[in-house]
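Student: requesting a structural model of the entry that follows:
(one chain, ligands or ions: 1)
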Amino acid sequence: MKKFFSEFKTFALRGNVIDLAVGVIIGAAFQAIVNSLVNDILNPMLGLLFQADFSELTLNVNGVDIKYGSFISAVIQFFLMSLVIFTIIKLINNISEKFAKKLHKEKEAEKLEEAARKKKCPFCKSEIDEEATRCPFCTSELKTINTTDEQIAEKITEK
Ligand SMILES: [Zn+2]
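Tutor: Here you go, the predicted model:
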């Protein structure tokens, strides 16, 4: 039972499931709007052509009602609902794509910054922090050598 709950936790906390749940809730919210659009506005408007509510159009064959109006309005509801879901998914994908790109750029910038803060130890050629005064790999002292290097460079440029 404990294993079941821990498995459920890892399943439920994955980003996709939360996205999906949000999608379902938004979809349900839109379902009411789509149903109202079809039942309250589109059906009566289509019904004007037939002088009756479109969803109540029936074909009477030997005393049996074939409710084709109701069926067609169900098809219209389905297509409108797919359109809404498609739009929502596209929107969510765009947002998550932008977010992922931003995250990627931030990581790249961080890496570059980290690389800029590194220098090579002149003795063992290991990458070490720029401000290190002693190499953590070969324990050579670096500050004095750096300053003499700089002094030599300064002397060269002076001449
Ligand atoms: Zn070293």
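
Student: tell me the SS of the spatially most central residue of the chain?
Tutor: Ranked by distance to the mean C-alpha position of the chain (CA atoms, centre = their mean), the top residue is Ser96 at 1.9 Å. Here Ser96 is recorded as helix under DSSP: H, G, I helix; E, B strand; the rest coil.

Student: got a list of what it touches?
Tutor: Ser96 makes contacts with Asp19, as judged by CB atoms under 8 Å, 6 or more residues apart in numbering. Every residue, glycine included, has its C-beta placed from N, CA and C.

Student: can you pull the contacts of Phe8?
Tutor: Phe8 neighbours (CB under 8 Å, 6+ apart): none.

Student: show the average pLDDT along the helix or strand hosting it.
Tutor: Assessed by DSSP states H and E, Phe8 sits inside helix 2-12. Here helix 2-12 scores 80 as its mean pLDDT.

Student: buried set for it?
Tutor: For helix 2-12, the neighbour count (16 or more other CB atoms under 10 Å) marks no residue as buried.

Student: for Leu59, give the beta-bridge partners.
Tutor: Ile66 (DSSP bridges).

Student: isn't it right up against Phe71?
Tutor: No: if you go by CB atoms under 8 Å, Leu59 and Phe71 don't touch, sitting 10.8 Å apart.

Student: which neighbours do these two have in common?
Tutor: With CB under 8 Å, 6+ apart, Leu59 and Phe71 have no common neighbours.
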